[in-house]
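Visitor: sequence plus the predicted model coming up.
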Amino acid sequence: DVKVTQSSRYLVKRTGEKVFLECVQDMDHENMFWYRQDPGLGLRLIYFSYDVKMKEKGDIPEGYSVSREKKERFSLILESASTNQTSMYLCASSQLRGSGGSPLHFGNGTRLTVT
Amino acid sequence: QKEVEQDPGPLSVPEGAIVSLNCTYSNSAFQYFMWYRQYSRKGPELLMYTYSSGNKEDGRFTAQVDKSSKYISLFIRDSQPSDSATYLCAMTGLGGRGSTLGRLYFGRGTQLTVWP
């Protein structure tokens, strides 16, 4: 079974802090994604990556950056956390770069609270 | 208009009922259709996966795709309390590098409660 592991289940940070969310997948997937999930808004794509050191902006990249130095690891960085970044963050991965239709495999999420 | 529309519910049904969950979409390029189930405080897990139009059955679950109407459905027969979760539809189209590479478009999810 594919396993996508997010380093923290719950995080509490203060406004202005730099925050790192880490994600590791163990199935050699090319594609990795970061979403945030908010009530009434559903899943919104922040960034994705289809290869090491490659990244693409999703729908809501403002205030975030990402890093993919190794194929299995994809990090989401909040440069200066703000209260409107309080959310559930979900990491996902998929295989078959270059092919459509690959299902995503999700981690269990990190619930981030910014105070 | 959002790419994928899904009624958020909530939907509450008695145990044993047949549940129908639906999504509509606007992009005729979508070819791959999925349903995810998300339990509280967990990540979404893939439940059903279909390509193009038609039906797919897996145990108590049936996924239907009608590309002509841009409409997909998930049916749950003999629903159980353990089916209580949020169900998200998702879909995608083209392959190859580019803005749609590997990217799924999600509905907002329908919250389902099955009471005993």
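Guide: Nice, I can see it. Here the structure is a predicted model, which is why all the values come from computation and not from measurement. Numbers count the residues shown, from 1 in each chain, chains lettered A, B, ... in the order given.
Visitor: pull up the residues of chain A that are close to chain B.
Guide: Residues of chain A that fall close to chain B, judged by C-beta under 8 Å from any C-beta of the partner chain: A:4, A:30-31, A:33, A:40-43, A:45, A:48, A:50, A:56, A:90, A:92, A:94, A:96-109, A:111. Glycine gets a C-beta too; all of them are placed from N, C-alpha and C.
Visitor: can you select the buried ones among these for me in ChimeraX?
Guide: Selection of buried members from the residues of chain A next to chain B for ChimeraX, criterion 16 or more other C-beta atoms under 10 Å in any protein chain shown:
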select /A:4,30,31,33,42,43,45,48,50,56,90,92,94,97,100,101,102,103,104,105,106,107,108,109,111
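Visitor: who's the spatially closest residue to A:Gly58 that is not a sequence neighbour bridged to?
Guide: Distances taken as C-beta to C-beta, 6 or more residues apart in numbering or on different chains put A:Leu45 closest to A:Gly58, at 3.2 Å, once the chain neighbours are dropped. Judged by DSSP bridges, the bridge partners of A:Leu45 are A:Tyr35.
Visitor: need the phi and psi values for the residue lying closest to B:Phe30 once chain neighbours are set aside.
Guide: Of all residues not flanking B:Phe30 in the chain, B:Met91 sits nearest, at 4.3 Å (C-beta to C-beta, 6+ apart). Per-residue torsions, B:Met91: phi -160, psi 160 (degrees, to the nearest 10).
Visitor: list the contacts for B:Met91?
Guide: B:Val4, B:Cys23, B:Tyr25, B:Phe30, B:Tyr32, B:Phe33, B:Met34, B:Ile72, B:Leu104, B:Tyr105 (C-beta atoms under 8 Å, 6 or more residues apart in numbering or on different chains).
Visitor: can you tell me how far the fourth one is from A:Ser75?
Guide: Read it as B:Phe30. Distance, B:Phe30 to A:Ser75, by C-beta to C-beta, to the nearest Å: 30 Å.
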